[in-house]
Every structure is written in C-alpha cells, then in structure tokens.
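K.L.:
okay, here's the prediction I keep looking at, along with the sequence it came from:
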Amino acid sequence: MTTLASPRIAQQMLEGLTAVVGSIAVGVALILIWASRLTIPRELYVSELGAEGEPTAAIFEVALLLIVFGGSAVAWAARRVRSWPPVLSFGSPALSLWVGCGFFLVASQVTCTSGCPLPYGPSFTWQDFSHTLAAVLAFAAACWAMIQTSFAREHKVLARLSIGTAIAVAVIAGTGGLFSLFRFQVGLGSRLEFVATTIAIAWLMMLGTVIAARALRRPPQS
C-alpha cells in the first residue's frame, strides 16, 4: 500500500507546488501592472501600458508573460476540475485557461500602436486589430473558465467564489469595453478595465491557492 501511495503523494505534491508557483507568478504580474499604472499620470486602458513608445511597455510585457506562465501552471494543477452541466462539461476550466494564456501570449508580443486606438475607422491598423482581438479572446476564455469552475464537482467553495467573480468580471469589463467603444466616459471605462483585470487575476490566484491547499493537505486517494 505504501509503495502504491508514494507515486500519488509525489503527484499531489507536484500539483500543489505547481499551483503555488503559478499563483505567485500571476500575483507578481498584478503588482507589476499596478506599479506601472501608478507611474502614468493620465487615464489609460490596460493595453496602453504595453503600447509602442510607452515607458512601461517592457514591464507590461513581463507581466503578461508571467500571467501566461502562472496561468498555465495553475491550469495544469487544476486539470481535474470538471463542470457538471453538459453545456459546460465540454472541455474543462484548465483547457479554457490554456486557451486564454495562448491569446495572452499573442497579445504580449503583438502590442497596440501608440495610444491603442480602436481598430476601426481611419485609425485602423492590423496590429491594433490583432492585439485587441487576442486580448478580448483571452479575457473571454478566462471568464468562461470562471463560469465552468462555478459548476465544478467536488469544489463547492471554489464554485461559489467563482460564480461571483465571473459575474463581476463580465459586467465590469463589458461596461468598460462599451464605454471605450462609444468614447463615453473614457476615464471611468479605463478604471473599470483595471478593476476587472485585478479581479480576474485575483481569481486565478484564488484558484491556485485552493488547488494547492487541497493537494498539499489531503492524503492520496487509493
């Protein structure tokens, strides 16, 4: 029995430590994003921190890469989390997170041009379009992962926390995006986007923390 349990113990330890490392990585990314934001005196959207010519561009790229690394690590540790409704059980929260991390990787390498203009009308460029599309799809994948986790089997606490986070991020980010699209209350819209980003990253940290706590605390199941 001890011989059989040892690989399971090692596996759980690895999953727990991976979740811890991933949570720390995305936590550092959040600190870098806010540290960069506080150095800019004007109102701006999150992506503008990495725009061409911005002094915060290099740090913002590091922050996005940390989200990619940390998010992927947390996703691997949480790969056994499953949703019960049929419409949500296709794939998994981990798969959704990996998809989101892939798009964040694209967004980190294809930045928007100076000022991050909306990719339509006279200011349209394929670079801005590609960055905006990647960022929106990454955020959508992360929100879908939250919704899937809201109906996770055997993770009741995580599910309850995730449903509130999913609703908050969807409403706040959606409102900020509409404000940006219609050029209405741009300052407020940018603040809402930072709030939504903070909540989303905090959820990812929470997911990693819960998975780590379960993996490092419970005995391996036979």
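P.N.:
It's in.
K.L.:
tell me where this protein has helices.
P.N.:
Ranges of helices in the chain, per DSSP state H, are 2-37, 57-77, 86-89, 93-109, 126-150, 156-181, 186-217.
K.L.:
closest to S47 out of these?
P.N.:
helix 126-150 (6.0 Å; CB to CB). Backbone N, C-alpha and C define where each C-beta goes, glycine included.
K.L.:
between the closest one and helix 93-109, how many degrees?
P.N.:
With axes from the mean of the first three to the mean of the last three CA atoms, to 10 degrees defining the directions, helix 126-150 sits at 160 degrees from helix 93-109.
K.L.:
quick one: buried residues of helix 126-150?
P.N.:
Buried positions in helix 126-150, judged by neighbour count with 16 or more other CB atoms under 10 Å: 128, 130-132, 134-135, 137-150.
K.L.:
contacts for stretch 41-56, please.
P.N.:
33, 36-37, 39-40, 57, 59-61, 64, 107-108, 111-116, 131-132, 135, 176, 180, 186-187, 189-191, 193-194, 197 (CB atoms under 8 Å, 6 or more residues apart in numbering).
K.L.:
at 6 Å what do you get?
P.N.:
Here stretch 41-56 makes contact (CB atoms under 6 Å, 6 or more residues apart in numbering) with 36, 57, 60-61, 111-114, 116, 135, 187, 190, 193, 197.
K.L.:
sorry, back to before: possible to save the helices of the chain as TSV with distance to Y45 and mean pLDDT?
P.N.:
Converted to TSV, the helices of the chain look like this (distance: least, CB to CB, whole Å; pLDDT from 0 to 100):
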stretch	distance to Y45	mean pLDDT
helix 2-37	10	86
helix 57-77	12	96
helix 86-89	30	71
helix 93-109	13	95
helix 126-150	10	90
helix 156-181	7	80
helix 186-217	5	88
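K.L.:
as TSV, the ones you listed with distance to S47 would be great.
P.N.:
Below are the helices of the chain laid out as TSV (distance: least, CB to CB, whole Å):
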stretch	distance to S47
helix 2-37	11
helix 57-77	8
helix 86-89	29
helix 93-109	7
helix 126-150	6
helix 156-181	10
helix 186-217	9
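K.L.:
count the residues that sit near the closest residue to A35 other than its chain neighbours.
P.N.:
Counting by CB to CB, 6 or more residues apart in numbering, A35 lies nearest to I59, which is 7.5 Å off, once chain neighbours are set aside. I59 is flanked by 17 other residues according to other CB atoms under 10 Å.
K.L.:
in contact with the closest residue to L105 other than its chain neighbours, which residues?
P.N.:
Excluding the flanking residues, the one nearest L105 by CB to CB, 6+ apart is V68, at 4.9 Å. V68 sits next to C101, F104, L105 when contact means CB under 6 Å, 6+ apart.
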